[in-house]
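Chemist: What would the 3D arrangement of this be:
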Amino acid sequence: MSTKSKIPNNDGVYFITFTCHKWLPLFEITKGYNIVYNWFDHLKTKGHYIIGYVIMPNHVHALIGFANSKTSINTIVGNGKRFMAYEIIKRLADQNEVNLLEELSHRVSKRDERRGKLHEVFEESFDWKECLSDKFIDQKLDYMHDNPCRGVWNLVESPADYQHSSAKFYLTGEQGVYGVTNYGELKDIDLSKSVNREFTNAESRGGDSARK
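Modeler: Numbers count the residues shown, from 1 in each chain. A predicted model of the protein is given here:
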């Protein structure tokens, strides 16, 4: 389902996917993987949980445990995409990617132009699936972690070797570049209640130096 279909709950575990406009590899071009990690950090400060993820050159898959923050999940993800879009455009400008900026500008609809939008960085909608069982969560983790090893990508031979992914943690028990929460830990957490949490450096930052 896409964002045009509103997520009915303000809490729960969801598999979220959003894609760069026209599948352009904007994360790769801008070395913008840490832009996504910064959004994850923001989500954690609001009491949400990053369960798993993979950041590909042109799209992101993430399993997120959303605590009830009284804000719709659609709004949370939409605001995150806007934050990331601003950062990507800033980096493209710093890199003098004039042609690409012009292309992204020309992709803005007349309706969005009237609202002040200048560039189309992401596809308008995002896909989501609610995860109601361990089996379904395992399926989504396997799917996202296998992304770098299949299709047109073939970026690594083993999922655990891909840097911008939680595969290493789930396959070896060792946190990778960004620390995630094992979904088994959420069994004792009531996501319907808004939670303020403090994080250890290992959980919230993972391998901080590798992210820069």
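
Chemist: all strands of the protein, in order?
Modeler: Taking DSSP state E to define them, one finds strands in the chain at 12-19, 49-55, 59-66, 127-130.

Chemist: and residue 60, how many residues sit next to it?
Modeler: Residue 60: 24 surrounding residues under other C-beta atoms under 10 Å. For the C-beta atoms, the positions are set from N, CA and C on the backbone; glycine is no exception.

Chemist: For it, give me its contacts.
Modeler: Contact partners of residue 60, counting by C-beta atoms under 8 Å, 6 or more residues apart in numbering, are 16-19, 27, 36, 53-54.

Chemist: ok, now with 10 Å
Modeler: 16-20, 27, 33, 36, 39, 53-54, 80-81, 84, 122, 126, 144, 164 (C-beta atoms under 10 Å, 6 or more residues apart in numbering).

Chemist: could you flag which of these are buried?
Modeler: Listed as buried from the contacts of residue 60 are 16-20, 27, 33, 36, 39, 53-54, 80-81, 84, 122, 126, 144, 164; burial here means 16 or more other C-beta atoms under 10 Å.

Chemist: for the closest residue to residue 184 other than its chain neighbours, what are its contacts?
Modeler: Leaving aside its chain neighbours, residue 184 sits nearest to residue 134 (8.0 Å; criterion: C-beta to C-beta, 6 or more residues apart in numbering). Neighbour list for residue 134: 183-184, 187 [criterion: C-beta under 10 Å, 6+ apart].

Chemist: who wins for most neighbours among those?
Modeler: Ranked by neighbour count (other C-beta under 10 Å), the contacts of residue 134 have residue 183 at the top, with 20 neighbours.

Chemist: Surely that residue touches residue 65?
Modeler: Yes - taking contacts as C-beta atoms under 10 Å, residue 183 lies within contact range of residue 65: 7.4 Å.

Chemist: any common contacting residues for those two?
Modeler: 13, 49, 51, 131.

Chemist: quick one: which two of those residues are the most distant?
Modeler: Greatest spatial distance among those (C-beta to C-beta): 49 and 131, at 12.1 Å.

Chemist: where are the low-confidence patches of the protein?
Modeler: Applying pLDDT under 70 to the chain flags residues 1-4, 110, 112-116, 194-212.

Chemist: Which parts of this structure are helices?
Modeler: Ranges of helices in the chain, per DSSP state H, are 26-30, 33-45, 73-94, 98-106, 110-114, 134-146, 167-172, 201-205, 208-211.

Chemist: can I get those in CSV with distance to residue 5?
Modeler: CSV is the format used below for these (distance: least, C-beta to C-beta, whole Å):
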stretch, distance to residue 5
helix 26-30, 25
helix 33-45, 21
helix 73-94, 9
helix 98-106, 26
helix 110-114, 20
helix 134-146, 18
helix 167-172, 29
helix 201-205, 31
helix 208-211, 33
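
Chemist: looking at those helices, which is closest to residue 58?
Modeler: Residue 58 lies closest to helix 26-30 among the helices of the chain, at 6.5 Å (C-beta to C-beta).

Chemist: Please point out which parts of that closest one sit buried.
Modeler: 26-27, 29-30.

Chemist: by contact count, what packs against it?
Modeler: Counting contacts by 3 or more C-beta pairs under 10 Å, 6 or more residues apart in numbering; DSSP states H and E, helix 26-30 packs against helix 33-45, strand 59-66, helix 73-94, helix 98-106.
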